[in-house]
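Trainee: Predicted model follows, preceded by the sequence.
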Amino acid sequence: MSTPGLYAVSDLHVTYPENRAIAESLHPVTPDDWLIVAGDVAEQVTDIQRTLALLASRWATVLWAPGNHELWTVREDAVQLRGEERYRHLVEVARDLGVHTPEDPYPRWNDTVIAPLFVGYDYSWRVPGMSTKEDSLRNAEAAGVLCTDEFFLHPDPHPSRDAWCAERAAITEARLAAIPSAVPTVLANHYPLVREPTDILWKPEFAQWCGTDLTADWHVRFRATVMVYGHLHIPRTTWHDGVRFEEVSLGYPREWRRRGTTAPAPIRRILPA
């Protein structure tokens, strides 16, 4: 029998029927497997709740970190909460299912702390040569690139998404610093903690919606064995400062079909390697 493992997946986007069928087909390898869900399950709370409930009924432990799509307030959703209130509501939805959130004590998988994070972006990964957020956004819009977050991801009650990101980074940094210094970690965030994975983006202007410089050294400072993320829809493994970074997204049907896949198996084994 296989050894129990820690697995991860992201960007299930179950609003698409094809992706919903894939999510419903996911099963652990052993009864003791854990699963990290690194954001973008869906946009509407009922879809998020239904999918997390299904996964939590199959895996021994499920950990969830929110993505930008979960934080959108879309007209079709019966839950019209915005910003911080929406995030707190989703945390309670996950907790009711027994799913670990960024607000809960970080659990240990063997000797490793598994930390689901919620740290967004602050436009610090702006277009090269642009000195301000405003210039960078104008440059991106002129290039035909504008993230839908600008319309649906509300930062309320924070004055801006940048300010919300700064607060989340400060809160999260303090919690990670409190982990005993001899304990290794797995850090799971919807966005990568370093900018380098965005260098492969077809539209480099999109990087400003993908992370923050505030987390640039966290994988080293907080002894990450693996950093798990999604959002880019470019599943792959890269290494930064000797730390393994795993992009574990499923992505949209048009994307996984373009990769020549008819039946994607999006779950990635994280530990043991």
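Mentor: That came through fine.

Trainee: what's the neighbour count on residue 75?
Mentor: Residues near residue 75, counting by other CB atoms under 10 Å, number 6. Using the backbone N, CA and C atoms, a C-beta is placed for each residue, glycine as well.

Trainee: Could you do the one 3 residues further on as well?
Mentor: A count of neighbours around residue 78, defined by other CB under 10 Å, yields 7.

Trainee: Likewise for the one 5 residues further on?
Mentor: For residue 83, the number of neighbouring residues by other CB under 10 Å comes to 17.

Trainee: Once you drop chain neighbours, what's closest to it?
Mentor: In this structure, residue 83 finds its nearest non-sequential neighbour in residue 156, 3.6 Å apart by CB to CB, 6 or more residues apart in numbering.

Trainee: how about that neighbour, secondary structure?
Mentor: coil (DSSP: H, G, I helix; E, B strand; the rest coil).

Trainee: List the buried residues for stretch 201-211?
Mentor: By neighbour count on 16 or more other CB atoms under 10 Å, the buried set for stretch 201-211 is 204, 205, 206, 207, 208, 209, 210, 211.

Trainee: Can you list the low-confidence ranges for the stretch 151-273 of the chain?
Mentor: Within the stretch 151-273 of the chain, no stretch has pLDDT under 70.

Trainee: ok, which stretches of it are helices?
Mentor: Remark: helices assigned in the stretch 151-273 of the chain by DSSP state H, counting those that start in this stretch are 161-177, 218-221, 253-258.

Trainee: If you count neighbours, what's buried in the shortest one?
Mentor: By neighbour count, and taking 16+ other CB under 10 Å as the criterion, the buried residues in helix 218-221 are 218, 219.

Trainee: ditto for stretch 170-178
Mentor: Buried, per 16+ other CB under 10 Å, within stretch 170-178: 172, 173, 176.

Trainee: quick one, what contacts the spatially most central residue of the chain?
Mentor: Central residue of the chain (CA atoms, centre = their mean): residue 190, 1.6 Å from the mean position. Residue 190 makes contacts with 10, 38, 39, 40, 65, 66, 67, 68, 118, 229, 230, 231, as judged by CB atoms under 8 Å, 6 or more residues apart in numbering.

Trainee: Quick one, which of those residues are buried?
Mentor: So, of these, 10, 38, 39, 40, 65, 66, 67, 68, 118, 229, 230, 231 end up buried under the neighbour-count rule (16+ other CB under 10 Å).

Trainee: Bridge partners for residue 244, pull those for me.
Mentor: Note on residue 244: beta-bridge partners by DSSP bridges are residue 226, residue 239.

Trainee: show me the contacts for it.
Mentor: With CB under 8 Å, 6+ apart, residue 244 has these contacts: 225, 226, 227, 237, 238, 273.

Trainee: Could I get the full set of helices for the stretch 1-150 of the chain?
Mentor: For the stretch 1-150 of the chain, the helices defined by DSSP H, counting those that start in this stretch cover 17-24, 45-58, 68-71, 83-96, 133-142, 149-152.

Trainee: which one of those is the most hemmed in?
Mentor: Greatest average neighbour count among the helices of the stretch 1-150 of the chain goes to helix 68-71 (a mean of 24), per mean count of other CB atoms under 10 Å.

Trainee: Check which helices and strands it sits against.
Mentor: helix 83-96 (3 or more CB pairs under 8 Å, 6 or more residues apart in numbering; DSSP states H and E).

Trainee: quick one: the helix it packs on to helix 45-58, angle?
Mentor: Between helix 83-96 and helix 45-58, the angle comes out at 30 degrees (axes from the mean of the first three to the mean of the last three CA atoms, to 10 degrees).

Trainee: one step back: can you lay out the buried residues of stretch 170-178 as JSON lines showing distance to residue 34?
Mentor: Formatted as JSON lines, the buried residues of stretch 170-178 follow (distance: CB to CB, whole Å):
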{"residue": "172", "distance to residue 34": "20"}
{"residue": "173", "distance to residue 34": "24"}
{"residue": "176", "distance to residue 34": "19"}
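
Trainee: Alright, I will stop here.
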